[in-house]
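Novice: Sequence and predicted structure, then a few things I'm wondering about:
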Amino acid sequence: MLRTFSAFGARTLLILLAAAFCLGTGIKAGSDQISSAQARSVALMVARHDSINVDDPDILVDSMDGNGAFVPGYFSFIFIAVDPHVPGKDRTLAMYAVSPRTGDTWELNLCKHYDFPELARVQRSIQRKTGSHLSDETASAKTMGCDQPPQSVSN
């Protein structure tokens, strides 16, 4: 029997999966940071929050940290809409930076800082495991290259 999930059910499932991923993939109490794969799961959660259909096979998610950290102290990921019919017509949907110590997350093009309930729960889980706090990310806006105060997204 096939069941459909309500928006609430799907969101709850996503939260549980993200929390289980962060808690169950080797973050040990007192470890310095989460892995790149765990930070990627945080970026995927934020992308879904931004209404990016990350399950679309034409959406590519890739690390931007190939030659070292794109943003010092953060894991960075790019989300690209690939046009399979017109080569070269790819479109950047978002570029996210995720702190491996706190889960602090930014969209780099818009200097957008994220703070919504599902993310906050995952961030608290990461911070409990790493021993870090969001207040440790004081220079975040400058690190992101944002000259203006950050635009915060909290819905």
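Specialist: Structure's in. What do you need?

Novice: The protein: helices as residue ranges?
Specialist: Along the chain, the segments classed as helices by DSSP state H run 7-24, 36-49, 117-130, 140-143.

Novice: Mean pLDDT lowest where, among those?
Specialist: Among the helices of the chain, helix 7-24 carries the lowest mean pLDDT, at a mean of 44.

Novice: Hmm, Asp50 and Phe116 touching each other?
Specialist: No. Assessed by CB atoms under 8 Å, Phe116 is found out of contact with Asp50, at 10.3 Å. C-betas here are computed from N, CA, C, even on glycine.

Novice: if I look at Leu108, how far off is Arg128?
Specialist: 27 Å (CB to CB, to the nearest Å).

Novice: Neighbour count for the two, which is higher?
Specialist: Remark: of Leu108 and Arg128, Leu108 carries more neighbours, 20 against 13, as counted by other CB atoms under 10 Å.

Novice: For the residue nearest to the spatial centre of the chain, list the residues it contacts.
Specialist: For the chain, the residue sitting closest to the mean C-alpha position, by CA atoms, centre = their mean, is Ala43 at 1.9 Å. Applying CB atoms under 8 Å, 6 or more residues apart in numbering, one finds that Ala43 lies in contact with Val61, Phe75, Phe77, Phe79, Tyr96, Val98, Thr105.

Novice: I'd like to know how far the fifth one sits from Ile52.
Specialist: Put plainly, it is Tyr96. Distance, Tyr96 to Ile52, by CB to CB: 10 Å.
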